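Colleague: Test case, fold it:
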Amino acid sequence: MELTLSILLLLMVGAWLGYREIGVSFLGIHIRDLISTKLFGTMQFVVVAAFIVGVYVTNATFIHFSDEALNLTHITKVLVILCAIVMATMIVRATNQYTSAITAFWGAVAALGVECNWFFNHAPLLVALLLSLIAAPIVGTMLFYLYQRVFNHIIYKGDTHLLIKNLYMKRLALVGIILGGMALAVNYALFVAPFLSCVLSEMNTTSPIIIIIAAMVLSAVMIIPAATVLHNENHGAKRMRWALPSLYALFTVLILGNVAGTLLLGLVPMIVSPSQIRECCKLSKGDRHRSLINIASITIATPIIAFLIAFVMLTVVKNSLIMLIVTCFVFITCMLVIQNYRQRRKHTLTEKALNDELTHSSETGDERNRLDVAAVTSQFNVMTNEIDIKHKELVNLSLYIKQQRQYLEDLGNSLYDLSNEDDVTLLRQQLRETAQKLNDNMRLTDEMDQFYNQVEDLHKNFVSRLLMRCSNLSEKEKRLAILLRLGFSSKDIAGMMNVEPKSVEVSRYRFRRKLKLERSVNIVEYLQMI
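Modeller: Numbering: from 1, shown residues only. Reported below is the predicted structural model:
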């Protein structure tokens, strides 16, 4: 049962690494237009091969699972470390904080070393822990700033076209993905090698075929979740200027800590957490407070919780069945907490979206009502102005009629007085004077001129709009247009202008030609629409 539980937990930890750390390492790198299907398959094959080779050739004795200071089998120690990793990562994740299985691994290994009384006596392992948890993120941050300056100076500050700059960045990203994938494969090979070694030794087999198959299964468990994360990411060009230096900084740290330190110099490996280095690189972005909290959660909280859990299991809980029950209980509880948090967050976001939609709809309705009221008010003002204009026109017209009536009454009285005149010569002379006054009044009286001036003043906007359509209008044609717009007939206009109706018809015809109106268009309706 311990062997089965260890294998299941190892697969669970591998899936966590793929989903939370391998996939996160490549977020922000968008080169889908450069990677063909064959190239992508080749890259996957190279990464899997590096992982398998790393598992096969790595010496897993640096953790000293064979130490017999405790009355525990090798597989029980593996089970303790895996349970501590699973529970620590789930507990930290349940609090909505960032965590890492690598830092949890170092916390559990420290608990095993303290309980077995060999951790502080084994200086290389202590140095590897301190370098992995402290030195690696510091070096990664320094390398990130260095790579960022180099890339900005070489690529973005040059005079090359923007498309060429983006192409250079994508080429660098392609190289970084290949090298970074291989370095990550070696890093996680160093992580799973001691567990896999103990599991295979418990199965009493060291067959290379079994090792290769086990490594292939673990690599698939890690790569599939990572590919899912990358596939669901919304890639953006702006993030690549930050993600590319971060990827190269991670690659360099992994090369220095894993390949150079372990494979070449034979030292205890620095199993580095990519999530930890990535959060350190995020200090260059805007939300430094959140990045510091994430770094503290990964570097301090996660290994301490893993250390406490492993220490309790090593000293108190030595029954594998109890370990299984406690691990399952913690795992299920944390999953329920995480799911509840996600549901509450989704509910909050949905409620906020609905409130925003209701607010937007209310604001849109208020704006629509305001526009409707403004339109009605504007139309009311226009109609009020037209009514005022019509009222003034009627007042002026009635005043003119009154004046003409008074003049005609005076003229009638004068003719009545002339009817009593006996002197024919004087009568003729007075009749001539009266006829002359009548003709002068009919041509253009001062009142008529004043009437025209008032009408033109009231129709300034109309005359200006009319001149925009036909600029070469005479004063006579302007007055004709005003009188036509007011609805006077040709006969009325002829009487007001003291001309023949035929002359008015000729003037209307010429006026239509200037306006370039068709015969089917009513000139009065046309003028009233202006």
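Colleague: Helix, strand or coil: sort out residue 98 for me.
Modeller: Of the three states, residue 98 takes coil under DSSP: H, G, I helix; E, B strand; the rest coil.
Colleague: measure it to residue 219 for me?
Modeller: When CB to CB, to the nearest Å is the yardstick, residue 98 and residue 219 sit 24 Å from each other. The C-beta positions use only the backbone N, C-alpha and C, and glycine is treated the same way.
Colleague: Give the next helix or strand downstream of the helix or strand containing residue 187.
Modeller: Per DSSP states H and E: residue 187 is located in helix 162-202. Beyond helix 162-202 on the C-terminal side, the first helix or strand identified by DSSP H and E is helix 208-232.
Colleague: buried sites along the host helix or strand of residue 245?
Modeller: Using DSSP H and E, residue 245 falls within helix 237-254. If you call a residue buried by 16 or more other CB atoms under 10 Å, then helix 237-254 has these buried ones: 239-240, 242-254.
Colleague: Give me the contact list for the helix or strand that comes right after that helix.
Modeller: Per DSSP H and E, helix 237-254 leads on to helix 274-281 as the next helix or strand towards the C-terminus. The contact list for helix 274-281 (CB atoms under 8 Å, 6 or more residues apart in numbering) reads 20-22, 24-25, 98-100, 102-103, 133, 136-138, 140-141, 144, 184, 187, 242, 245-246, 249-250, 253, 291, 294-295, 298-299.
Colleague: Drop the exposed ones from those residues and show what's left.
Modeller: Taking 16+ other CB under 10 Å as the criterion, what is buried in the contacts of helix 274-281 is 20-22, 24-25, 98-100, 102-103, 133, 136-137, 140-141, 144, 184, 187, 242, 245-246, 249-250, 253, 291, 294-295, 298-299.
Colleague: Which strands or helices does the helix holding residue 187 pack on?
Modeller: For helix 162-202, the packing partners by 3 or more CB pairs under 8 Å, 6 or more residues apart in numbering; DSSP states H and E come out as helix 2-17, helix 37-57, helix 74-94, helix 208-232, helix 237-254.
Colleague: quick check: angle from it to helix 274-281?
Modeller: Using axes from the mean of the first three to the mean of the last three CA atoms, to 10 degrees, one finds that helix 162-202 and helix 274-281 are set 150 degrees apart in direction.
Colleague: quick check, distance from helix 162-202 to the centre of its chain.
Modeller: Centroid separation for helix 162-202 versus its chain: 31 Å, with CA atoms, centre = their mean, to the nearest Å.
Colleague: Report the mean per-residue pLDDT for that helix.
Modeller: When pLDDT is averaged over helix 162-202, the result is 80.
Colleague: low-scoring stretches of the stretch 51-200 of the chain, by residue?
Modeller: Applying pLDDT under 70 to the stretch 51-200 of the chain flags residues 56-72, 117-123, 158-160.
Colleague: Dump the C-alpha coordinates for stretch 96-113 into CSV.
Modeller: In CSV, the C-alpha atoms belonging to stretch 96-113 read as follows (Å, rounded to 0.1, in the frame of the first residue of the first chain):
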residue,chain,number,x,y,z
ASN,A,96,-5.0,32.0,-2.1
GLN,A,97,-1.2,32.4,-2.0
TYR,A,98,1.5,31.3,-4.4
THR,A,99,3.4,28.1,-3.5
SER,A,100,6.0,25.7,-5.0
ALA,A,101,6.5,22.0,-4.7
ILE,A,102,10.3,22.5,-4.9
THR,A,103,10.5,24.7,-1.8
ALA,A,104,8.1,22.3,0.0
PHE,A,105,10.5,19.5,-1.0
TRP,A,106,13.4,21.3,0.6
GLY,A,107,11.4,21.9,3.8
ALA,A,108,10.5,18.2,4.0
VAL,A,109,14.1,17.1,3.3
ALA,A,110,15.2,19.4,6.1
ALA,A,111,12.8,17.8,8.5
LEU,A,112,14.0,14.3,7.5
GLY,A,113,17.7,15.5,8.0
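Colleague: Pull out the buried positions in that stretch.
Modeller: 98-113.
Colleague: and if you look at stretch 198-206?
Modeller: Neighbour-count burial for stretch 198-206, with 16+ other CB under 10 Å as criterion, is recorded at 198-200, 202.
Colleague: For it, give me every contacting residue.
Modeller: Residues from elsewhere that reach stretch 198-206 (CB under 8 Å, 6+ apart): 3, 6-7, 10, 60, 65, 73-75, 77-78, 210-211, 214.
Colleague: follow-up on the earlier one: return the closest of the buried residues of stretch 96-113 with respect to residue 379.
Modeller: Nearest to residue 379 among the buried residues of stretch 96-113 is residue 98, at 61.7 Å by CB to CB.
Colleague: Now the closest one. Nearest residue, chain neighbours left out?
Modeller: Once flanking residues are discounted, residue 98 sits nearest to residue 294: 4.1 Å by CB to CB, 6 or more residues apart in numbering.
Colleague: ditto for residue 99
Modeller: residue 92 (3.9 Å).
Colleague: got a list of what that neighbour touches?
Modeller: Residue 92 is in contact with 98-99, 297, 301-302, 305, counting by CB under 8 Å, 6+ apart.
Colleague: just residue 299 next, same as before
Modeller: Shown in contact with residue 299 (CB under 8 Å, 6+ apart): 103, 133-134, 137, 276.
Colleague: ok, 6 Å please
Modeller: For residue 299, the contact set (CB atoms under 6 Å, 6 or more residues apart in numbering) comprises residue 133.
Colleague: Same question for the one 3 residues further on.
Modeller: By CB under 6 Å, 6+ apart, the residues touching residue 302 are 88, 92, 99, 103-104.
Colleague: now those residues in TSV, with distance to residue 388?
Modeller: Below are these laid out as TSV (distance: CB to CB, whole Å):
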residue	distance to residue 388
88	84
92	78
99	78
103	84
104	85
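Colleague: and which of these is nearest residue 327?
Modeller: residue 88 (11.0 Å).
Colleague: The closest residue to the closest one other than its chain neighbours and residue 102, how far apart?
Modeller: In this structure, residue 88 finds its nearest non-sequential neighbour in residue 306, 3.7 Å apart by CB to CB, 6+ apart. Using CB to CB, we find residue 306 at a distance of 10 Å from residue 102.
Colleague: try residue 12
Modeller: Taking CB to CB, one finds residue 12 at 15 Å from residue 102.
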